[in-house]
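Trainee: Sharing a sequence plus its predicted fold:
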Amino acid sequence: MPMISPEEIRAILDDHNPVHLETLAGDARRLTRQYFGHAIGLYTPLYLSNFCASHCTYCGFHSHHTITRVKLTGEQTEREMQAIAALGTQNILLLTGESPQATPPEYLITAVRLAKKYFQGIALEVYPMREDEYRALYQAGADGVTVYQETYDCTRYAEVHLAGEKKNYAFRRQAPERVARAGLRQISLGILLGLGPVAEDLAALYGHLQELERNFPGVEYSLSFPRLRTIKAREFATATVDDAAFVKILCLTRCLFPRVGLNLSTRETASLRNHLLDICITRVSIGSKTSVGGYLTDEPPGDPQFDVADNRSAGDMILHLNAHGFDPVFTDWRKIDNI
Amino acid sequence: MPDTFLLGGKTFTSRFLLGTGKFSSKEALHASILASGAQIVTVAVRRIDLNRPDDNILAHIPPETVLLANTSGARTADEAIRLARLARASGHGTWVKVEVINDSKYLLPDNEGTVAATKILAAEGFTVLPYISPDLYAARRLVAAGAAAVMPLGSFIGSNQGLRTREFIKVLIDEIDIPVIVDAGIGAPSHACEAMELGADAVLVNTAVAIANDPPLIARAFALAINAGRTAYLSGLPQQRATGEASSPLTGFLFE
């Protein structure tokens, strides 16, 4: 039984009455404080590689772009990790492009083992894998996996994923289930807002999360809602999700899933992040660099996946949180051997 | 004679245990501990930032307070055991609140896993306070496993719903010989008072204090309510009845 239909979501998105929005935000804020208190989780992304074998029309990393391709060596990875650890956060998100060829599971396992030296919480945002590959990452020390379906609309999915393994909708849709079976403790799901029909995508995402909660209740789930941005003057969005709609989506999600974490990256501006922290966000990235090699040099060789819109340093973000009644959480797990 | 509370071989004058999550700042936490008079505070092992010894949560807990490390985040007995051992190895004492929770939606404890972890940790010398759904069989097994107390939930953790499990907690109070500490769901001082009137040995509160507008003030209110409930319990509350009772007994004539 779906908890909310696309029609009901559309009615909420099409309702421009500011009083209704304020009520929704108030409910979202109350639930967030009740279940998460004033704690805000912190993490920092590390882009290991921007090699990509898939052709996703909307992505800055895709295989047909003539961007500079870079993959960190073990030594470079460790130096980047040291730079991130110095920011204070003990949660790292390791990212790659969708290329099992350039960054095979063994490469990722090595990165996870290195990360274990510096961080308490280790998550990956990489290409979908088999269950045994996820298990190997878990046993190496990974705690979480982020895998966004991008859009749940199969037709739209086929239109924008032209080549590479990412074309395989079903393999991606079932990835979170394989992650859970492999034993990982955190799963982050999401859609790329604007890529597909928003109301339908949201309803499908909620349904997917409900299904996972029922089958794998022990996993800690969180959701992210990256908004599609224009790349090199080409517009791929089918719908524009403006700030009001974005806030509505996050608040609605909080009301439907009071205990589920809501992440917000530095794709969004400092101002919007500040306001949303006060309403429903429970986890933010800090000090993010989205280029491969970005933590060691201001002019990294690899092009970024997206331009950071919130350029505050990690220290400034922590100061902001402290000054506004939030408790920045640097560590939310203690690494124990996952074997 | 003062009313003291014996737990884990120590004697306490306060029956108020305070949780340390969800506060807006370490300063608010510190002020709330002082206002609460709590002598035992629980801290999630996973939230202790070993890289920040000067500014982690432990730096804001008064030194005379007993630290009760909790295994929040553990999904299995094995994970709870590892977290408890890590806490001890990193110098955070041997008092542990065992939480084994494998459900992120309701956050209900897994009693079976909790019993398994308690058995091993108690044998290793930990003072174990297990967090459970109020079930008599689980509580008996915990007594046999060497638990120092049982901590049944009043309602869903963080829900502030009060003693929804009242009748089941009463069974534990009546039947279990180790202390019963009501944990989770205590959302108002009146709930804490009710638990103490019922005969609970202590209560643990976190969310209701941490997210209040004035945490130290409500911490003080909880302390007063806990004392009131305890005093009422000791006084022997008049029994509640479902029906009215004639002030002139029906069979009184037999003894006239």
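Mentor: Arrived safely, thanks for sending.
Trainee: where exactly do the strands run in the stretch 1-150 of chain A?
Mentor: Taking DSSP state E, counting those that start in this stretch as the test, the strands found in the stretch 1-150 of chain A are A:39-47, A:55-56, A:91-95, A:121-125, A:144-146.
Trainee: export the ones you listed to TSV and tack on mean pLDDT?
Mentor: As requested, those are exported to TSV (pLDDT from 0 to 100):
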stretch	mean pLDDT
strand A:39-47	94
strand A:55-56	81
strand A:91-95	96
strand A:121-125	96
strand A:144-146	97
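Trainee: And these: which comes nearest chain B?
Mentor: strand A:39-47 (5.9 Å; Cβ to the nearest Cβ). Yep, even glycine has a C-beta here, placed from its N, CA and C like the rest.
Trainee: What is the closest one packed up against?
Mentor: On a contact count with 3 or more Cβ pairs under 8 Å, 6 or more residues apart in numbering or on different chains; DSSP states H and E, strand A:39-47 meets helix A:74-85, strand A:91-95, strand A:121-125, strand A:283-285, helix A:314-323, strand A:327-329.
Trainee: Would you format the ones you listed as a markdown table with mean neighbour count and distance to A:Tyr169 included?
Mentor: Formatted as a markdown table, the helices and strands packed on strand A:39-47 follow (neighbours: other Cβ atoms under 10 Å in any protein chain shown; distance: least, Cβ to Cβ, whole Å):
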| stretch | mean neighbour count | distance to A:Tyr169 |
| --- | --- | --- |
| helix A:74-85 | 18 | 31 |
| strand A:91-95 | 24 | 21 |
| strand A:121-125 | 25 | 18 |
| strand A:283-285 | 23 | 27 |
| helix A:314-323 | 17 | 36 |
| strand A:327-329 | 21 | 35 |
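Trainee: Quick check: which ranges of the chain have low pLDDT?
Mentor: The chain I'm using is chain A. A:1-2, A:60-65, A:230-239, A:301-302, A:305-306, A:338-339 (pLDDT under 70).
Trainee: um, chain B though
Mentor: For chain B, the stretches with pLDDT under 70 are B:1, B:239-246.
Trainee: So which residues of it form strands?
Mentor: B:5-7, B:10-12, B:16-19, B:40-44, B:66-70, B:95-98, B:127-132, B:151-152, B:181-183, B:202-205 (DSSP state E).
Trainee: ok, the nearest residue to B:Asn111 once chain neighbours are set aside to chain A distance?
Mentor: In space, B:Asn111 comes closest to B:Ala138 once its chain neighbours are excluded; the distance is 3.9 Å by Cβ to Cβ, 6 or more residues apart in numbering or on different chains. Using Cβ to the nearest Cβ, to the nearest Å, B:Ala138 is found at 19 Å from chain A.
Trainee: Spit out the contact partners of B:Ala138.
Mentor: For B:Ala138, the contact set (Cβ atoms under 8 Å, 6 or more residues apart in numbering or on different chains) comprises B:Asn111, B:Glu112, B:Thr114, B:Val115, B:Ile132.
Trainee: what's around the first one, how many residues?
Mentor: Right, the one you point to is B:Asn111. Residue neighbour count, defined by other Cβ atoms under 10 Å in any protein chain shown, stands at 20 for B:Asn111.
Trainee: isn't it right up against B:Asp135?
Mentor: Yes: taking contacts as Cβ atoms under 8 Å, B:Asn111 lies within contact range of B:Asp135: 5.7 Å.
Trainee: quick one, phi/psi of the residue nearest to B:Ala44 when sequence neighbours are not counted?
Mentor: Distance criterion Cβ to Cβ, 6+ apart; nearest residue to B:Ala44, sequence neighbours excluded, is B:Ser72 at 4.0 Å. When read as degrees, to the nearest 10, the backbone of B:Ser72 gives phi -40, psi 130.
Trainee: Surely B:Ser72 touches B:Glu99?
Mentor: Yes: with contact defined as Cβ under 8 Å, B:Ser72 reaches B:Glu99; the gap is 5.3 Å.
Trainee: interface residues of the stretch 1-150 of chain B facing chain A?
Mentor: Counting by Cβ under 8 Å from any Cβ of the partner chain, the positions of the stretch 1-150 of chain B adjacent to chain A are B:21-26, B:45-52, B:73, B:75, B:79, B:82-83, B:86, B:101-105, B:107.
Trainee: contacting residues for the residue in the stretch 151-300 of chain A that chain B sits nearest to?
Mentor: Closest approach between the stretch 151-300 of chain A and chain B, counting by Cβ to the nearest Cβ: A:Gly218, at 3.7 Å. When contacts are counted by Cβ under 8 Å, 6+ apart, A:Gly218 is found next to A:Arg185, B:Arg75, B:Ile101, B:Asn102, B:Asp103, B:Ser104.
Trainee: and which of the residues you listed is nearest to B:Ser190?
Mentor: Using Cβ to Cβ, B:Ile101 comes nearest to B:Ser190 of these, at 26.9 Å.
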